[in-house]
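In: What follows is a predicted protein model with its sequence.
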Amino acid sequence: MSNKISVKISSSDEYYITVGVDVLDRAAQYISNRFSRSKLFIVIDEKVYKLHNEYINKHLSESFSKIILYVVPSGEKSKSLDQFSRIVDFILENGVERSTPLMAIGGGVVGDLVGFVAASVLRGIPLFHVPTTLLAMVDSSIGGKTGVNHSTGKNLIGSFYQPKGVFADVNFLKTLDKKEWVNGLSEIIKYGMIEDSKILSEINELVSGKSFALPEKWIPLIEKSAGIKCTIVSKDVLESGVREFLNFGHTYAHVIEQKGKFQMYSHGEAVFAGMFGAVAASNSLGANIDIANLSQFKSLYDFSLREIGNDTGELTELMLRDKKVKNQTIRLVLLKDIEKPIVQTFEETSLIEKSWQFLTSEFN
């Protein structure tokens with residue numbers, strides 16, 4: 001049981017997102033039929049390896065003569081130049097050709113990190129994503145953004161490098177704890193805010209049905225969310241236009257993550273809070289968006305932003321380190337209304353400081 005969604009990169013280049021149950025079999029067949037069968041490199045999250053190594057080996061081992069595995073420590077700290085260098089060394093020392101496939105198995109950290117590795121080794125080797133978290137399935141594995149963090153900010157080193165395929169096997173979600181489910185919900189909520197508000201009621205139905213333990217029920221919503229991102233990416237591969245809309249809430253989120261030293265808050269928590277700031281800023285500019293669109297999901301989250309403080313001037317200043325800044329001018333994705341995103345630039349920051357005040361008070 002699986003479905004495919006196309007990501008069209010150019011008139012002659014596209015790849016597919018495959019979502020479903022037991023799609024690792026499909027991945028093994030697809031990769032071995034198109035690239036070298038002699039060797040497959042896998043870089044895998046440590047926690048995923050402990051939980052699913054037997055399942056992965058069962059579905060992949062027969063299709064390749066040799067599988068070479070590198071296990072990455074779990075957590076945002078692995079998204080670093082140090083870990084990048086270690087993986088590059090490992091792949092080069094174990095013999096790699098331009099037709100040797102590299103598979104990233106894990107959440108957003110592993111996907112972003114390994115994507116950057118694939119883009120860099122031999123100036124590009126075939127990359128495949130096997131996302132194992134809800135967030136990675138609906139967002140980070142799609143679209144070709146790769147990279148690592150720097151002490152001055154998140155995702156500041158990297159490149160655009162498209163995978164050859166993404167295989168979202170919902171079997172991996174069976175071992176996902178509730179916090180990680182909720183982490184992924186933030187990006188789905190984002191799609192509801194910027195593109196399709198029906199998603200918000202669909203989330204409510206799934207959550208009220210206590211279906212976290214039944215990932216098959218989430219397949220339609222995963223497909224819809226992934227489809228929205230695929231459509232936007234196909235229109236704007238290098239983020240020079242409408243793809244910026246996918247950053248709704250993220251400029252606030254990156255500051256929150258940085259203030260938490262990339263350990264205190266998950267990406268999903270930061271994005272959820274960030275959307276409160278973006279809605280507050282939108283309403284200050286004349287929109288009339290009911291914050292209940294977001295606050296209805298607040299009980300699912302369990303975090304406080306007390307640790308980042310309430311110095312709104314400092315928080316706003318940190319936004320100037322965001323990679324979307326141009327000419328020292330902050331650019332935010334805001335909403336004219338639900339489903340109507342816009343990019344707004346700010347030379348004067350008092351409105352942004354007020355939105356930070358609202359955001360921090362909501363999560364005090």
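Out: Cool, got the structure.

In: pLDDT below threshold where in this structure?
Out: In the predicted model, the chain carries pLDDT under 70 at residues 1-2, 209-211, 213.

In: Centre-most residue in it?
Out: residue 140 (2.6 Å; C-alpha atoms, centre = their mean).

In: List the contacts of that residue.
Out: Residues near residue 140 by C-beta atoms under 8 Å, 6 or more residues apart in numbering: 107, 108, 111, 112, 131. (Each C-beta comes from the backbone N, C-alpha and C, glycine too.)

In: Could you rerun that using 6 Å?
Out: By C-beta atoms under 6 Å, 6 or more residues apart in numbering, the residues touching residue 140 are 108, 111.

In: which residues in the stretch 51-200 of the chain form helices?
Out: Taking DSSP state H, counting those that start in this stretch, the helices of the stretch 51-200 of the chain run over residues 81-93, 108-120, 134-135, 178-194, 198-208.

In: helix/strand/coil for residue 333?
Out: Classification of residue 333 using DSSP: H, G, I helix; E, B strand; the rest coil returns strand.

In: pretty sure it is touching residue 249, no?
Out: No. With contacts counted by C-beta atoms under 6 Å, residue 333 stays clear of residue 249, the gap being 7.6 Å.

In: Can you get me a residue count around the residue lying closest to residue 135 once chain neighbours are set aside?
Out: Among residues not flanking residue 135 along the chain, residue 184 sits closest, at 3.7 Å (C-beta to C-beta, 6 or more residues apart in numbering). As a burial measure, residue 184 scores 28 neighbours (other C-beta atoms under 10 Å).

In: so what's residue 184 up against?
Out: By C-beta under 6 Å, 6+ apart, the contact set of residue 184 is 133, 134, 135.

In: that older thread, tell me which of residue 333 and residue 249 has more neighbours.
Out: Set side by side, residue 333 and residue 249 show more neighbours around residue 249, with 28 against 24, by other C-beta under 10 Å.

In: I'd say the more buried one and residue 273 touch.
Out: No. Between residue 249 and residue 273 there is no contact under C-beta under 6 Å: 7.9 Å.

In: Just give the number of residues close to residue 85.
Out: 12.

In: Would you list the phi and psi of the residue located most distally from the centre of the chain?
Out: Computed with C-alpha atoms, centre = their mean, the residue of the chain farthest from its C-alpha average is residue 65, at 31.7 Å. When read as degrees, to the nearest 10, the backbone of residue 65 gives phi -70, psi -30.

In: so who does residue 343 touch?
Out: Contacts of residue 343 (C-beta under 6 Å, 6+ apart): 244, 331, 333.

In: quick revisit: among the helices of the stretch 51-200 of the chain, which is the most enclosed?
Out: Among the helices of the stretch 51-200 of the chain, the stretch with the highest mean neighbour count (mean count of other C-beta atoms under 10 Å) is helix 134-135, at a mean of 28.

In: Which other helices and strands does it contact?
Out: If you count contacts as 3 or more C-beta pairs under 6 Å, 6 or more residues apart in numbering; DSSP states H and E, helix 134-135 packs onto helix 178-194.

In: Please export the C-alpha coordinates of the helix it packs on as PDB.
Out: C-alpha atoms of helix 178-194 as PDB (Å, rounded to 0.1, in the frame of the first residue of the first chain):
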ATOM      1  CA  LYS A 178       4.200  11.500  21.400                       C
ATOM      2  CA  LYS A 179       6.600  14.400  21.600                       C
ATOM      3  CA  GLU A 180       8.000  13.600  18.200                       C
ATOM      4  CA  TRP A 181       4.500  13.200  16.700                       C
ATOM      5  CA  VAL A 182       3.700  16.700  18.000                       C
ATOM      6  CA  ASN A 183       7.000  18.000  16.700                       C
ATOM      7  CA  GLY A 184       5.900  17.000  13.200                       C
ATOM      8  CA  LEU A 185       2.400  18.400  13.700                       C
ATOM      9  CA  SER A 186       3.900  21.900  13.700                       C
ATOM     10  CA  GLU A 187       4.800  21.700  10.000                       C
ATOM     11  CA  ILE A 188       1.400  20.200   9.100                       C
ATOM     12  CA  ILE A 189      -0.300  23.100  11.000                       C
ATOM     13  CA  LYS A 190       1.900  25.500   9.000                       C
ATOM     14  CA  TYR A 191       0.500  24.000   5.700                       C
ATOM     15  CA  GLY A 192      -3.000  24.600   7.200                       C
ATOM     16  CA  MET A 193      -2.200  28.200   7.800                       C
ATOM     17  CA  ILE A 194      -0.500  29.100   4.500                       C
END
